[in-house]
Each structure stands twice: as structure tokens, then as C-alpha cells.
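[1] 3D model of this:
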Amino acid sequence: MLLAPFYRYRSELEAELKEIVGQSALPPYTMLRYHLGWADEQGHPQEYLGGKLLRPTLCLLACQVLGGEWHMALPAAAAVELVHNFSLVHDDIEDKSEERRHRPTVWKIWGLSQGVNTGDALFVLAQLALLRLTQQGIPGEKVVLASCLLNQTCLRLCEGQYLDLSFESRIDIGIKEYLEMIDRKTAQLFSCSVHLGAVLATDNENTISHLCSFGKKLGLAYQMQDDLWGIWGEEKITGKSSHSDILERKKTLPIVYALEKTAGRERKKLLSIYRKKMVNEEDVISVVRILEELDAPGYTERMIDEYCVEAAYELEEAKITSEGQQEFLEVATSILGYGFPPSKRGRK
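    Residues are numbered from 1 along each chain as shown. Here you go, the predicted model:
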């Protein structure tokens, strides 16, 4: 469920994004608007089918909570969302994913080459979006800083994607390597989102540092929650088909944990399934049984709790107003799908 901070910014954020993408009738822009959820594949406008705008919401909230005028941060928030979508388009190609948000992916409709081109265009538009900060009266040195932050994060995303792709052909992945991968691929963009909003509102390095850490810890918990839902989630709630991550042989946290902890016949069974080119429903049942016998879902939940606690600690150390803390906690609750931090969730 989306809470108040999301609705506060949504309409103006969508307007900013649409202004950046423009109204060109050229086919490349149809692909952009299709991926962003504004149009069908013929280019006809449709009801918004894009994402929840989690990252740009964090950016705008950070700016507002720290006393800035959040409207001035709209270009930075839009840049974050465009970078996120650039990564999604390229991930879909590299993972050979044929659907996203219950629709065919860009590459599936227009081909691999045009998919790459669409992702590249989103990346360039993100860079151009940052330049719009000057129109908001943001000093040049802060615009340069924002550009450096976003591009450093893009590099981390590429590193994370490299690790994720390399895991496809490996069985010997440990939890430490898994954490390094999701730090780069997921958590860094959460952290960058908060960082951009914060630096546009304040020069207080202590506050900025702790809020960035909050974003990072939240991003780690978010990815682990996604891993949990990818095996045990309900499709009507998560948007992911049940056991989808096993069918795709993804090395998510429950699987990595099981590979570290299991032994003997069960380990051989798990390894044999994850070495297959195609996984069937019988294989899925076997994997789920092994995971549950090892309490992999419980371990994953405990890890989520740990990072939620750390995120809440960083938020307290940021020394922002109690109202600001509460709004960040509301956003974290909406992102993770339950009360935040764990002490307020009633989970055992």
C-alpha cells in the first residue's frame, strides 16, 4: 500500500518525467513511453502502468525533510527514475526476460538492438535531467556534485550486474558475495536517491552520511524481501508468479543460504536442479522442500529484520525532525510491505 509521501509527489514527478522525455512522434520515443508505462506499443496513451516511483520519492522526501523546497529537486528525482529504468531495460535483455509488469518487454516487441537503444536513451535523458537543476536555481557546483553521485552509482550498478550475471554459471556463491552483489545492484541506487535529495537541501555532512546509510540498508532489506517473495510470495500481491525465482534458477538469498548449509543427498539434489537448463514443477517442489527444511525463509526474514534495525538506527543518528523520521518510516513501510522497523511489525 502506497502511503502519503508517494501521493504528495507523484503528479508533479510524472509531469517532470514526461517533459524530459518529450512529445516526439518518432518511434524511439514510443518505445520509451511504452516502457515507462504511459503508452501501448502503438504509442496510444494509456493509464499509467509504470513502477511505484520508490527511488524518486526517497529523493524528494530527503530534500523536503531537510528543509529544502522539494520542487527544486524534481530534476534529480526524475534522473534517478530514468537511471533505474535504463537498468531495467538492459537487465531484461541480459536476463532474456520476456515480461515486465505483466506486459511484453521492450526487446521482446522491438528486438534486442532497439532494446539496447532504448536503454541508452533513458541513460542519456537522465544526464540531461540533472542539467535542469540549474533552472531551479541550484548552484553549478551542486549540479556537478549531483552528476558525479549519479554516475558513480551507475558504475556500481554495472558492477552489480556483472556479478549477478557471473552467478548464473556458478554454484559456489557465498552469502558475502551475494551481499556485495545486491549492495551494488540495488542498494546503491536507494542510497544515491536519498543522497541527491539531501545535498540539494543541506551541507550538513553528518546528516547526509546517515541518511545515505539509511537508504543503503533499506535497499538491502528491499532486495531480500523481493527474494523472499520470488519463492513464497502471492502473485496478486507481489506481481511475481509463485516460485518464479526457482524456475529461473536465480541465486537469491534463500538459495545461497541453502547451498552454504545443506549437505549430503539434499545438497546433491539442489545442485543437480540448479545445473539444469530447464527446471520443472517437480524440481520446484523439491527445492522448496529443501529450503523450508533448512528454514531458509526464516533466515531470510531474520536478515531483513537485521537490516531494517540498522536502517532505523541510521535514521535516528541523522538527527532530523521527529516528523521527518516518521515520514521516512512510512515510506520504508510502503516499500517493504509491512510495519517498520521490525519491533513494530509483530513478527517473531
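
[2] would you map the strands across this protein?
    With DSSP state E, the ranges of strands along the chain come out as 99-100, 103-104.

[3] make TSV out of those strands and add distance to Leu196 and mean pLDDT.
    For every residue, glycine as well, the C-beta is placed using N, CA and C. As requested, the strands of the chain are exported to TSV (distance: least, Cβ to Cβ, whole Å; pLDDT from 0 to 100):
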stretch	distance to Leu196	mean pLDDT
strand 99-100	25	92
strand 103-104	29	94
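
[4] turn these into JSON lines, including mean neighbour count and distance to Leu163.
    Formatted as JSON lines, those follow (neighbours: other Cβ atoms under 10 Å; distance: least, Cβ to Cβ, whole Å):
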{"stretch": "strand 99-100", "mean neighbour count": "15", "distance to Leu163": "21"}
{"stretch": "strand 103-104", "mean neighbour count": "16", "distance to Leu163": "27"}
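
[5] the ones you listed: which one's closest to His243?
    strand 99-100 (15.8 Å; Cβ to Cβ).

[6] parallel or antiparallel, list what pairs with that closest one.
    Take DSSP bridges as the rule and strand 99-100 pairs in its sheet with strand 103-104 (antiparallel).

[7] show me what the partner strand is in contact with.
    Strand 103-104 has contacts (Cβ atoms under 8 Å, 6 or more residues apart in numbering) with Glu41, Leu49, Glu98.

[8] out of these, which is nearest to Leu13?
    Of all the contacts of strand 103-104, Leu49 has the smallest distance to Leu13: 15.8 Å, by Cβ to Cβ.

[9] and the closest one, what does it touch?
    Applying Cβ under 8 Å, 6+ apart, we find Leu49 in contact with Gly37, Arg101, Arg103.

[10] of all the strands of the chain, which one is nearest Val284?
    Smallest distance to Val284 across the strands of the chain (Cβ to Cβ): 18.6 Å, for strand 99-100.

[11] returning to what we had before: right, and the strands of the chain - which one's nearest Asp226?
    Minimum separation from Asp226 across the strands of the chain (Cβ to Cβ) falls at strand 99-100, 14.0 Å.

[12] give me the residues contacting the closest one.
    Contacts of strand 99-100 (Cβ under 8 Å, 6+ apart): Leu88, Asp92, Thr105, Lys108.
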